[in-house]
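Trainee: model the structure of this input:
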Amino acid sequence: MVDQCLVMGILNVTPDSFSDGGRWDDTDAAIRRGIALAAEGADIVDVGGESTRPGAERVSAAEEHGRVIPVVTALAREGVTTSVDTMRASTARAAVEAGAVMVNDVSGGQADPDMAATVADLGVEFIAMHWRGHSREMDAHDHYDNVVTEVREELRAQVDALVAAGVAAERIILDPGLGFAKVHESNWPLLAQLEHLTSLGHRVLLGASRKRFLGAVMDHDAGPESRDHATTAVTALAAVAGAWAVRVHDARAAKDAVAVASAWQHARTSAP
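Mentor: Residues are numbered from 1 along each chain as shown. Next up is the predicted model:
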């Protein structure tokens, strides 16, 4: 239901993320930003140390650890509920040991063969995104006969693989991967038919914030930050459609949108 829709605040501790790369790549600035996101309404702060924007190159595990772990440690000490955005099992383990309660893997466990067993051992929530390849190549994989059906079945296969590796089914959260191997038009059917994904029986996270496909339908797109109002519209629609959480840059706007969607839905379901 809408009342359960959570807000996940994005904290990119990177110099090259598509929207806010470089703004929070200093550890102290990142910690302050994480605390601010929580104060603005983020139920979870998602800390990532490796950009997954289209065309991005991977960083070393050591660099990712150095960016992420001090921030997760400090936020956990401040009582901020934290997840780690990583494709590496070693980073996931270190972050959970530092206080993260959730692992958000854009590859759904496919990039690192040790990820599923690591998450199973850690016993934390695991967000498995639909994924067809790394950032440098993902746009080339935007080929679908029916994007909703194919994403649904590929996510189902990912769940089966995770469960076979020991991950508890009830701890798996699905993400359709908006913008990942989906350039423009491939994203909208997934939003419009979200019930086909929630029907798999797992919680669903949506990450539309500031992405290119939003700009493609705007008549005044001036870059990522100009897409915040469009992001907020998607947040409200996603909440009504049954999303478990939305992953956003602007936590306050998302929290307000979820509250409005909740009131709207309540009025619809309680009307005589």
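
Trainee: longest single helix anywhere in the protein?
Mentor: helix 251-270 (DSSP state H).

Trainee: who are the packing partners of that one?
Mentor: For helix 251-270, the packing partners by 3 or more C-beta pairs under 8 Å, 6 or more residues apart in numbering; DSSP states H and E come out as strand 6-12, helix 228-241, strand 245-248. Where you see a C-beta, it was placed from the backbone N, CA and C, and this is true even at glycine.

Trainee: recalculate using a threshold of 7 Å.
Mentor: Counting contacts by 3 or more C-beta pairs under 7 Å, 6 or more residues apart in numbering; DSSP states H and E, helix 251-270 packs against strand 6-12, helix 228-241.

Trainee: can you tell me which of those comes nearest to residue 190?
Mentor: Residue 190 lies closest to helix 228-241 among these, at 10.5 Å (C-beta to C-beta).

Trainee: hmm, who's touching the closest one?
Mentor: With C-beta atoms under 7 Å, 6 or more residues apart in numbering as the test, helix 228-241 has contacts from 2, 5, 191, 194-195, 206, 208-210, 214, 218, 246, 248, 250, 253-254, 257-258, 260-262, 264-265.

Trainee: and the longest helix of the chain, which residues are buried?
Mentor: 251-262, 265 (16 or more other C-beta atoms under 10 Å).

Trainee: ok, stretch 137-157 next?
Mentor: Buried residues in stretch 137-157, counted by 16+ other C-beta under 10 Å: 138, 139, 142, 147, 148, 151, 152, 154, 155.

Trainee: quick one: which of those is nearest to residue 222?
Mentor: residue 139 (21.8 Å).

Trainee: isn't that closest one up against residue 183?
Mentor: Yes. The pair residue 139 / residue 183 is scored as a contact, 5.7 Å apart, by C-beta atoms under 7 Å.

Trainee: joint contacts of those two?
Mentor: Residues touching both residue 139 and residue 183 do not exist when contact is defined as C-beta under 7 Å, 6+ apart.

Trainee: element containing residue 145, please.
Mentor: Here residue 145 sits in a region with no helix or strand, counting by DSSP states H and E.

Trainee: report pLDDT for it.
Mentor: With respect to pLDDT, residue 145 has a value of 97.

Trainee: now do residue 2
Mentor: pLDDT at residue 2 comes out at 40.

Trainee: how about low-confidence regions in this protein?
Mentor: 1-3, 16-22, 24, 271 (pLDDT under 70).

Trainee: which residues in it form strands?
Mentor: Listed in chain order, the strands found in the chain under DSSP state E are 6-12, 44-48, 82-85, 102-105, 125-129, 172-175, 203-206, 245-248.

Trainee: closest one to residue 71 among these?
Mentor: Here strand 44-48 is closest among these (C-beta to C-beta), at 5.3 Å.
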